[in-house]
Structure formats: structure tokens, C-alpha cells
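Trainee: A structural model of the following input is requested.
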Amino acid sequence: MNFSDFTGDNGRRIAKDHFIHLLQVSRADGYVKPSELAILHREGRKFGLTPLEVDKLIEHEGKHQYDPPYALSEKFEHLYKVAEMILADNEATEDEKRLMKRFAIEAGFSDKSIPKLIDMLIEGVRKGDDEETLLLEFRNKYLFKE
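Mentor: As a prediction, the model looks like this:
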């Protein structure tokens, strides 16, 4: 089974990159923890995947180049999910933060805004802030204010 075999209701390919992105973060410390596995399964369910299908994807889709979305809100959503994955074990390691920085660079965020963005997302997720609130805060405080 290959993730690219799955399509959404409208016939478009499911967000393979987003899922693989989360998978890479979950493996940043060398293995997938149970709390991270729960997030991967939750995200897989959103695409209509069964637990067995998600497990097969985790096993077979190791290396993959991240191809970020175009819209800011979708890029932000991906990074928000990464922050959730990082904090699944209530710990944000430097390796996980470096990986998040790499994804932010690939998504096109500016060098000046990335450290603020990462800190804001990790602290926001830690406090339980929702994605929309953090996106609004990012737009108001950091976007175009560099």
C-alpha cells in the first residue's frame, strides 16, 4: 500500500506531504512514541484511513521530501500540527525544533520570523491555544513587521 493510492472525496490526492511531515517529526528522536502514534492515527482518520492503513504508511513511508502548501493558513496549519506532534510527549527537544525550523524554511517563512513562529507555536500549543488564535497573533505581531 502506498499513500499516494488514497484520494479524497473530491478526487484529489490526500495530503500525503502533511502526513509524512508529521511522521518525520514523530521519528525525530529515533522512534514513534505512543502519544505520537495517537496523533498520527487521529490525522489518518481525518483522511478516512483505517488504523491498519495508517500503521502500514508509518512503516513504509520513511523518507519523503516536504512539499508545502501555497496558502499561509495551510502552511501555518501544518506547523501547528508539527508543534502538537512535538509536544505529544510534553517535551520539545532541540532536534525536534530543528526539524520544525527546516519545515518552516521549506514553507517559505522568513529567517527573521521563524524563531518567533516556533516559540509562539510551541508555547501556544502547550497552553492549549487553538490554531486560528495563533495564526491571528502571528499575522498581527510578526507578518510584515520584520
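Trainee: Please tell me how far the residue nearest the centre of the chain sits from residue 116.
Mentor: Taking CA atoms, centre = their mean as the criterion, residue 82 is the residue nearest the geometric centre of the chain, at 3.2 Å. Counting by CB to CB, to the nearest Å, the gap from residue 82 to residue 116 is 16 Å. Glycine gets a C-beta too; all of them are placed from N, C-alpha and C.
Trainee: still on that earlier bit, doesn't the residue nearest to the centre of the chain lie inside a helix?
Mentor: Yes - secondary structure assignment places residue 82 in a helix (DSSP: H, G, I helix; E, B strand; the rest coil).
Trainee: What strand or helix carries residue 74?
Mentor: In the assignment (DSSP states H and E), residue 74 maps to helix 72-86.
Trainee: Give me the buried positions along that helix.
Mentor: 75, 76, 77, 78, 79, 80, 81, 82, 83, 84, 85, 86 (16 or more other CB atoms under 10 Å).
Trainee: Test my guess that the first one contacts residue 68.
Mentor: Yes - between residue 75 and residue 68 there is a contact under CB atoms under 8 Å: 5.6 Å.
Trainee: which neighbours do the two share?
Mentor: Taking CB atoms under 8 Å, 6 or more residues apart in numbering as the contact criterion, the common neighbours of residue 75 and residue 68 are 107, 108.
Trainee: residues in contact with the residue nearest to the centre of the chain?
Mentor: Listed by CB under 8 Å, 6+ apart, the contact partners of residue 82 are 21, 22, 25, 99, 100, 103, 121.
Trainee: sec struct for the fifth one, please.
Mentor: This points to residue 100. Under the three-state scheme (three-state DSSP), residue 100 adopts helix.
Trainee: quick one: it from residue 60, how far?
Mentor: Using CB to CB, we find residue 100 at a distance of 24 Å from residue 60.
Trainee: And the last one, by the same measure?
Mentor: Here residue 121 is placed at a distance of 29 Å from residue 60 (CB to CB).
Trainee: between these two, who's got more neighbours?
Mentor: Set side by side, residue 121 and residue 60 show unequal neighbour counts under other CB atoms under 10 Å, the larger going to residue 121 at 27 against 10.
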